[in-house]
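K.L.:
Turn this into a model:
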Amino acid sequence: MRQLENNHNINVKIFVKSNLRILYFACLFLSILFSCRKSELSWNTELLTPLLKSSLSFKDIVQDSIFSIDSSQTLTYVFDKKLYHLSVDSLFTFRDTGLTKSYSLDSLSLYNANISYPITLGAICLQAGLLGFLIISQNGQNIAIPSIPSFSAPVVPISADSIFTTMTLATGQMDISFTNGLPIDITNVVFELRNQSTNELIVQGNFPLIASNTTETKSYNLDGKTLEGKLNAQLISFGSPGSNGIPVLVDTSNAILANIKVYNLHPSIATARWPQQNIINKTQNFYLKTIGVELKESRIKSGKLRLNLKSTLQDSVRFAYKLPSATKNGIPFEVYKTLEPAPPGGLSIYSREFDFSGYHLDLSGPNNDTFNTASNTFIAAIDSTGQLKTLSLSDNFFAEIALLDIKPEYARGYLNQTNFNYGPAKVALEEFNSLNGMIQFDQLQMDITVENNIGAAAVFNIDQLTSINTKQNNIIDLTGAIIKNPLYINRAKDNNKYPPIIPAIERFKINSQNSNINAFINNLPDQIEYAIRLQTNPNGNELGHNDFIYDGKLLNIDFHLEAPLNLSIKGLQLSDTIDINLNQVDLSQVEKGTLNLIAKNGFPIDARIILSLLDENGISKYILLDGNQMIKAAPINSNGKVDQKLQSIIRIPIDQKVIEQLTTYKHIKIDAIFDTKPTSSNVKLYSTYDIDFILTGDFIYRIK
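P.N.:
Predicted coordinates for the structure are as follows:
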């Protein structure tokens, strides 16, 4: 039995162990099974996270550059605005000025020519019949030669085609000389010169008497004549009284020498071998007609001179253009160019633009007694090539000289008594754009400053100066003595036509004693509308063309305002937009929490706070603080200054809706709206004043 009992106990233990083992594995299985399902267990934790930091100062409402800070760190609100800038173009403009000339040739000159031919006694006797044979038979003898009746000599061909083949003369002259080498006088000499091919008469002359061993000369005008290179000359008739019974030596080689001289030949057209010569030589004045002022001189800052040349001449043309009144480093402007021969019926062309920067332009004329005038010279010349070429006075030479985009660096002359009316015009004042509330400045001082860098006096009038607040639709005109009363501006001075320039500066002060400047500025204008008038040289040309102007040194009219920040404020708003730092925050796990805006106010002014979320376009999408929450003003010490900031904390509860907005919009805007404390009194602001903001998140995370 005991043995059975023992066996039974063993079995029970085994059973129990087996069952426990089964239970263990069953629990393990269930544990593994359920561990594969989402856990329902969770707990919460809190995490304090900084989201942004910002600092606002009064300087944030405008650009820093418009503040000045004195030794006590007091801020003075300062800004300048240009109302008017008189440019060089306002006074005068070098318009693109072109001078185009079509030149016919001044003249064409040909070589002078001398042609001589003898008519011997023997040749004459051959034409004199029986008497002539008798005289020839006595050659070498002394005889008394009887009277010889009139008869003609044979035609003598003359060749000048080594000089020209044909020419029609505009002007020209011919001298015909006869030297009588015979021992007897000759009388009633009739001479003719004709073109060989057409037999056209060129010259006919009559010499009543040519005594023995003398020369007679006559001149003939060739104007309008056409001469060929091959000519015929002939003694049409002549006779002799003989030796008057006195025996003379008969020498049949004795001759009458005919000489033809052509000179001062200026053809209108010719085919010839041309000598070197100037065919155009023109000096003329170049006038600046549309400049609007009377200039004696100018230094050119930039611009070009364009030169266009065209020639119809079928010969190379050496061209020279000279503008002696334009010099650079003492060297006058000159251009030299050889144009190729023009094709028949065509043109030879040259075109180029020259940099005119740095040139000094004398505009007083060749005799220094005028203005806006430059003397220039066109010269065209041909060279002697030895080749036959046809040229004509009807050939044309075109020359264009043009000044392009000329900008003066300096000019002197009389700037005329010119009136300038400017406006009504508006200028934007961005400086007040951020002053969204009400602000009242005190102790305002405004200047209208005229800086005249021009060497001419002026009279300046302000006809209108209006403060416009488009947000409030308020308009206030400035009143006072400065409005509409003429203000005289002296001329500037320079250093004998060179910088430095000593400007004439006139400041017209405007304050509460002589105007309504406080109301004008406290309107917080975002625009100023103004109308001004300006007249140069109110007393005329009193300096005798010695006004001057320099590029970039002109007449400026500036608006200058100074306002010490001793002011009263109601609703003044400072703003800043910051990106929210959510890099360390997973908002999807935030269940709820609190945003803490910690503000350390360094202003002696209470501030209401608006906190809003913005989209990427800067548009407000969600309001976290609506402006009903206040941060307290910092206390003022016995010296009237803040020396310790006052901290305030504004807590903003957040839920899932706020969390969703924070997830969507990543930009946050802080607006601090001030009201003066105590009410209706002025507060002096210093550059050291600011408000520090820190936004933290006190989040409750859900961990699953």
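
K.L.:
element containing residue 130, please.
P.N.:
In this structure, residue 130 sits in helix 129-137 according to DSSP states H and E.

K.L.:
Show me what the mean pLDDT comes to for that helix.
P.N.:
Mean pLDDT, helix 129-137: 84.

K.L.:
Contacts for that helix, please.
P.N.:
121-122, 124-126, 128, 143, 145-146, 148, 151, 250, 252 (Cβ atoms under 8 Å, 6 or more residues apart in numbering). (Glycine included, C-beta is placed from N, CA and C.)

K.L.:
C-alpha coordinates for that helix, PDB please?
P.N.:
Output in PDB follows, covering the C-alpha atoms of helix 129-137 (Å, rounded to 0.1, in the frame of the first residue of the first chain):
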ATOM      1  CA  GLY A 129      53.800 131.600-154.800                       C
ATOM      2  CA  LEU A 130      56.400 133.000-157.300                       C
ATOM      3  CA  LEU A 131      57.500 135.700-154.800                       C
ATOM      4  CA  GLY A 132      58.200 133.100-152.300                       C
ATOM      5  CA  PHE A 133      60.300 131.000-154.600                       C
ATOM      6  CA  LEU A 134      62.300 134.200-155.400                       C
ATOM      7  CA  ILE A 135      63.000 134.800-151.800                       C
ATOM      8  CA  ILE A 136      64.000 131.200-151.200                       C
ATOM      9  CA  SER A 137      66.400 131.400-154.200                       C
END
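
K.L.:
From the chain's centroid, how far away is that helix?
P.N.:
93 Å (Cα atoms, centre = their mean, to the nearest Å).

K.L.:
Mind listing what's buried along that helix?
P.N.:
Buried residues in helix 129-137, counted by 16 or more other Cβ atoms under 10 Å: 131, 132, 135, 136.

K.L.:
between these, which is nearest residue 555?
P.N.:
residue 132 (101.6 Å; Cβ to Cβ).

K.L.:
picking up where we left off before, which two of the contacts of helix 129-137 have the greatest separation?
P.N.:
Farthest apart among the contacts of helix 129-137 - using Cβ to Cβ - are 143 and 151, which lie 19.5 Å from each other.

K.L.:
quick revisit: what's the ChimeraX syntax to select whichever of the contacts of helix 129-137 are buried?
P.N.:
Buried residues among the contacts of helix 129-137 (16+ other Cβ under 10 Å), as a ChimeraX selection:
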select :121,122,124,125,128,145,148,151,250,252
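
K.L.:
Which of the contacts of helix 129-137 fall in strands?
P.N.:
The strands, defined by DSSP state E, take in 143, 148, 151 from the contacts of helix 129-137.

K.L.:
Let me have the residues you listed in JSON lines, extended by pLDDT and distance to residue 296.
P.N.:
Below are those laid out as JSON lines (pLDDT from 0 to 100; distance: Cβ to Cβ, whole Å):
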{"residue": "143", "pLDDT": "91", "distance to residue 296": "87"}
{"residue": "148", "pLDDT": "86", "distance to residue 296": "79"}
{"residue": "151", "pLDDT": "83", "distance to residue 296": "77"}
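
K.L.:
In CSV, list these along with distance to residue 344.
P.N.:
Shown next, in CSV, are the ones in strands among the contacts of helix 129-137 (distance: Cβ to Cβ, whole Å):
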residue, distance to residue 344
143, 64
148, 55
151, 50
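
K.L.:
and residue 362, how far is that from residue 297?
P.N.:
5 Å (Cβ to Cβ, to the nearest Å).

K.L.:
Also residue 671?
P.N.:
61 Å.

K.L.:
Then residue 81?
P.N.:
For residue 81, the distance to residue 297 - Cβ to Cβ - is 36 Å.

K.L.:
When these two are compared, which one has more neighbours?
P.N.:
More crowded of residue 81 and residue 297, by other Cβ atoms under 10 Å: residue 297, with 19 against 14.

K.L.:
looking only at pLDDT, what's the mean for the helix or strand containing that one?
P.N.:
Here residue 297 sits within strand 294-311, counting by DSSP H and E. Strand 294-311 comes out with an average pLDDT of 91.

K.L.:
How far does it sit from its chain's centre?
P.N.:
With Cα atoms, centre = their mean, you get 13 Å for strand 294-311.

K.L.:
same check, this time on stretch 542-553
P.N.:
20 Å.

K.L.:
JSON lines for the contacts of helix 129-137, including distance to residue 700?
P.N.:
Shown next, in JSON lines, are those (distance: Cβ to Cβ, whole Å):
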{"residue": "121", "distance to residue 700": "152"}
{"residue": "122", "distance to residue 700": "152"}
{"residue": "124", "distance to residue 700": "150"}
{"residue": "125", "distance to residue 700": "155"}
{"residue": "126", "distance to residue 700": "152"}
{"residue": "128", "distance to residue 700": "155"}
{"residue": "143", "distance to residue 700": "164"}
{"residue": "145", "distance to residue 700": "160"}
{"residue": "146", "distance to residue 700": "163"}
{"residue": "148", "distance to residue 700": "156"}
{"residue": "151", "distance to residue 700": "152"}
{"residue": "250", "distance to residue 700": "159"}
{"residue": "252", "distance to residue 700": "154"}
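
K.L.:
between the contacts of helix 129-137, which is closest to residue 559?
P.N.:
residue 124 (108.6 Å).

K.L.:
got the contact list for the residue nearest to the closest one when sequence neighbours are not counted?
P.N.:
Take residue 124 and drop its neighbours on the chain: the residue closest to it by Cβ to Cβ, 6 or more residues apart in numbering is residue 153, 6.7 Å away. Shown in contact with residue 153 (Cβ under 8 Å, 6+ apart): 119, 123, 124, 127, 234, 235, 238.

K.L.:
residues near residue 281, how many?
P.N.:
15.

K.L.:
got a list of what residue 506 touches?
P.N.:
449, 450, 452, 460, 487, 488, 489, 490.

K.L.:
Kindly state the pLDDT recorded for the closest residue to the fifth one other than its chain neighbours?
P.N.:
Meaning residue 487. Nearest non-adjacent residue to residue 487, counting by Cβ to Cβ, 6+ apart: residue 460, 4.6 Å away. On pLDDT, residue 460 comes in at 86.

K.L.:
now swap in residue 534 and tell me
P.N.:
85.

K.L.:
any idea which helix or strand carries it?
P.N.:
Judged by DSSP H and E, residue 534 forms part of strand 527-536.

K.L.:
same thing with residue 662?
P.N.:
Assigned by DSSP H and E, residue 662 falls in helix 656-664.

K.L.:
How many residues are close by the residue nearest to residue 612 when sequence neighbours are not counted?
P.N.:
Of all residues not flanking residue 612 in the chain, residue 620 sits nearest, at 4.5 Å (Cβ to Cβ, 6+ apart). Look at residue 620: counted by other Cβ under 10 Å, it has 13 neighbours.

K.L.:
cool, the one 5 residues further on as well?
P.N.:
Residue 625 has 17 neighbours, counted by other Cβ under 10 Å.

K.L.:
cool, residue 356 as well?
P.N.:
Around residue 356 there are 23 residues (other Cβ under 10 Å).

K.L.:
from now on call the first residue 158
P.N.:
With the count now opening at 158, the last piece we talked about shows up as residue 513.

K.L.:
isn't it right up against residue 464?
P.N.:
No. Taking contacts as Cβ atoms under 8 Å, residue 513 lies outside contact range of residue 464: 11.2 Å.

K.L.:
who touches both of the two?
P.N.:
What both residue 513 and residue 464 touch, as defined by Cβ under 8 Å, 6+ apart, is an empty set.

K.L.:
Got the confidence number for residue 268?
P.N.:
79.

K.L.:
if I look at it, how far off is residue 329?
P.N.:
Counting by Cβ to Cβ, the gap from residue 268 to residue 329 is 12 Å.

K.L.:
before we move on, back to that, any of the contacts of residue 310 buried? List them.
P.N.:
276, 280, 281, 391, 392, 395.

K.L.:
The last one belongs to a strand, doesn't it?
P.N.:
Yes. Using DSSP: H, G, I helix; E, B strand; the rest coil, the assignment for residue 395 is a strand.
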